[in-house]
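Colleague: Test case, fold it:
(chains A and B, ligands or ions: 1)
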Amino acid sequence: MLGPQGADAATDAVWPPLTRRAAIATGAVAALSGLSWPAGAQAGPLPVSEVAPGHFVHYGAHQMTDAGNAGDIANCGFVVGRSGVAVIDSGGSPAVGRRLLQAVRRTTDRPIRYLINTHMHPDHVFGNVALRTAGDDGAVAIVGHARLEAALRARSDTYLGQLKARVGPTAAKRARFYQTDIAVEATRQLDLGDRTLELTAWPTAHTNNDLSVLDPTTGTFWAGDLVFRTRVPAVDGSVLGWLDVLERLRARPASTILPGHGRAASSWAAALDDQQRYLRALVSGVRAVLDDFGTIEQAVATAGRSEAGRWALFEQYHARNVTTAYAELEWN
Amino acid sequence: MPGLRLIAAAMVAAATIALVPQGGQAQQSIEYNQWDAVKPMYFGDREIGDGSAVLAVKAPDRAHDAALVPVEVISKLGPDSDQRIEAVTLLVERNPVPLAGRFAFPSQRIGKFSTRVRVQSYTYIRAIAEMADGRLLRASKFVKASGGCSAPAMKDPEEAMANLGQIRIRTSGDARRSQPVTAQVMIRHPNYSGMQYDQIHRSYIPAHYVEGIAVDYAGQTLIRAKTDISISENPTLRFTFTPERVDGFAVSVTDSKNNTFQQHWAPAGGQG
Ligand SMILES: [Zn+2]
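Modeller: Prediction:
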């Protein structure tokens, strides 16, 4: 089992050294970038685009996490306000988190105030260690759904084992889990000086700890994995709850919607129509099997197959989504 | 009991330490075979024969979700066979606690039954039938899956605890005298395995799981199951039997915290 090894890995790692923290403060990050970090395609600041004034997003690849992409498979980014920066998600490994930090530093010298985790998934939180230690101790507050910390506690060991197996032992050794400094029960505002971010904690949908970020001054909505585009949605909470939340999202004023996976959308219809069609096909396909007293295997063979070919990584996730939906819908 | 569990886990760990996956499916199956290490834990030195003429195990070759792997045990004995399966022990051979459950059928034949198990690593799933004549017979299925035991038990733990102990019983159609019918018993329970290590608080999430399920039909015990942490969250039992008369079910479930949950189910048309 992974437990004891994971604990050892977490206690004997010495990264990040104090010298690195001092180096960041003096802006000398680039000089250290080759220091025991992977070079080549995985080195250097993450490419980001400014999709709205002050909003910088990095698009992750539509791939499974492996050593080649180091977990750079989900979107992450940051919002630059007058008084500081809020980073939104941190990538799928410490190395990706560090490259995100470099992207922040290349964009602005304002301090990072907040690290917002949109939910528990490893491709969104394993870069936390790089961002969390970027300022003085305690200067970067981790912000999440009120249920984020418990969700991570229940999965930390599994996630660490997966990181080790898929990205490598060094990544697993550097990775850290953190308590949530600012836990959002329902809504919360974060003041960045020239703008105030509005955070919303949602009922169980993609996961049981989905948090969205809206900047009303620019109409930019960071949806986290409540919204998937191009990459097939992964159900790890409640498919029925997710469909409910998507309807509620449509009522939010937003002109730029940033999914957790896939490109920015300029309307809710563009952001949500495909995903709602997929989730509804999943529900109706599984219900048909359940009504017939069918099994999980029968559901996997038939439910939602009309969606094949419409999504990246469909075959990698769909059967699991069907299994998850079956387990939920047989009770609901 | 905790001591026994630790020993079992340690034995499996020791037995698997030298494993190197290689070659094709057949080669892998041989590499992952831990029968010689696991069998004595449950059956001592008793002889176990080839059960392929008596029963079969069905499971997906590769699991879609390692925490929720459907497993079906099918009896190949016809209604008029002079052989009878009295109980089936289901083992997920390379799990930390290999025993998924022992399912006894004290009153009548069960044509087939299925449940869902957690699978920690590539493994054989074994079904060992205890025959009325005293023989032990084995059937097997190799399954590719990993991470199911330490997987978080619940996607929504608050909802899980709010619904703890709910039991639902349903059947494939109206039960008819002397006609096979399939029934499913569903239990809401997180079945926490105790294997999930919390990296933030440096402790294990405590185990809390279903230990016993008794299914009665027409006043007779149809299935008496003793279960362990290899059974998935929200345990279910689906089984096919041939009722001698139309009657109701009574289900009783106990868990590792000494909770007891009960449920009755009567057929729509009343008894007869
Ligand atoms: Zn996610």
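Colleague: what's the closest non-adjacent residue to residue 171?
Modeller: No chain was given, so I picked chain A. A:S93 (4.6 Å; Cβ to Cβ, 6 or more residues apart in numbering or on different chains). Just so you know, the C-beta spots here come from the backbone N, C-alpha and C atoms, and that holds for glycine as well.
Colleague: Actually, chain B is the one I wanted.
Modeller: B:A183 (4.7 Å).
Colleague: Any idea how many residues pack against that neighbour?
Modeller: By the measure other Cβ atoms under 10 Å in any protein chain shown, the count of residues near B:A183 is 23.
Colleague: So it sits against B:F241, correct?
Modeller: Yes. Contact criterion Cβ atoms under 8 Å: B:A183 and B:F241 qualify, at 7.5 Å.
Colleague: Against which helices or strands is the helix or strand hosting the residue nearest to B:T171 packed?
Modeller: Element membership of B:A183 [criterion: DSSP states H and E] is strand B:181-187. For strand B:181-187, the contact count by 3 or more Cβ pairs under 8 Å, 6 or more residues apart in numbering or on different chains; DSSP states H and E identifies strand B:167-171, strand B:210-217, strand B:236-241, strand B:249-255 as packing neighbours.
Colleague: need those in JSON lines with mean neighbour count, can you?
Modeller: Converted to JSON lines, these look like this (neighbours: other Cβ atoms under 10 Å in any protein chain shown):
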{"stretch": "strand B:167-171", "mean neighbour count": "17"}
{"stretch": "strand B:210-217", "mean neighbour count": "21"}
{"stretch": "strand B:236-241", "mean neighbour count": "21"}
{"stretch": "strand B:249-255", "mean neighbour count": "20"}
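Colleague: In JSON lines, list these along with mean pLDDT.
Modeller: JSON lines is the format used below for the helices and strands packed on strand B:181-187 (pLDDT from 0 to 100):
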{"stretch": "strand B:167-171", "mean pLDDT": "94"}
{"stretch": "strand B:210-217", "mean pLDDT": "97"}
{"stretch": "strand B:236-241", "mean pLDDT": "96"}
{"stretch": "strand B:249-255", "mean pLDDT": "97"}
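Colleague: can I get those in a markdown table with distance to the ion?
Modeller: Converted to a markdown table, the helices and strands packed on strand B:181-187 look like this (distance: least, Cβ to the ion, whole Å):
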| stretch | distance to the ion |
| --- | --- |
| strand B:167-171 | 30 |
| strand B:210-217 | 30 |
| strand B:236-241 | 27 |
| strand B:249-255 | 31 |
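Colleague: Who is A:I182 paired with across the strands?
Modeller: A:V143 (DSSP bridges).
Colleague: thought it was touching A:R188?
Modeller: Yes. Using Cβ under 8 Å, A:I182 is in contact with A:R188, at 6.8 Å.
Colleague: any shared contact partners between these two?
Modeller: Taking Cβ atoms under 8 Å, 6 or more residues apart in numbering or on different chains as the criterion, A:I182 and A:R188 both touch A:V143.
Colleague: tell me the contacts of the residue nearest to B:T171?
Modeller: B:I169, B:R170, B:T171, B:S172, B:R238, B:F239, B:T240, B:F241, B:F249 are the contacts of B:A183 under Cβ under 8 Å, 6+ apart.
Colleague: cool, A:G237 as well?
Modeller: With Cβ under 8 Å, 6+ apart, A:G237 has these contacts: A:T204, A:A205, A:H206, A:T207, A:N208, A:D210, B:K155, B:D156.
Colleague: which one in these is the model shakiest on?
Modeller: For these, the weakest pLDDT value sits at B:K155, with 80.
Colleague: list the contacts for the closest residue to A:P203 other than its chain neighbours?
Modeller: Spatial nearest neighbour of A:P203, excluding adjacent residues (Cβ to Cβ, 6+ apart): A:G241 at 5.7 Å. Applying Cβ under 8 Å, 6+ apart to A:G241 gives the contacts A:P203, A:T204, A:A205.
Colleague: which of those residues lies closest to chain B?
Modeller: Checking those against chain B with Cβ to the nearest Cβ, the nearest one is A:T204 at 4.9 Å.
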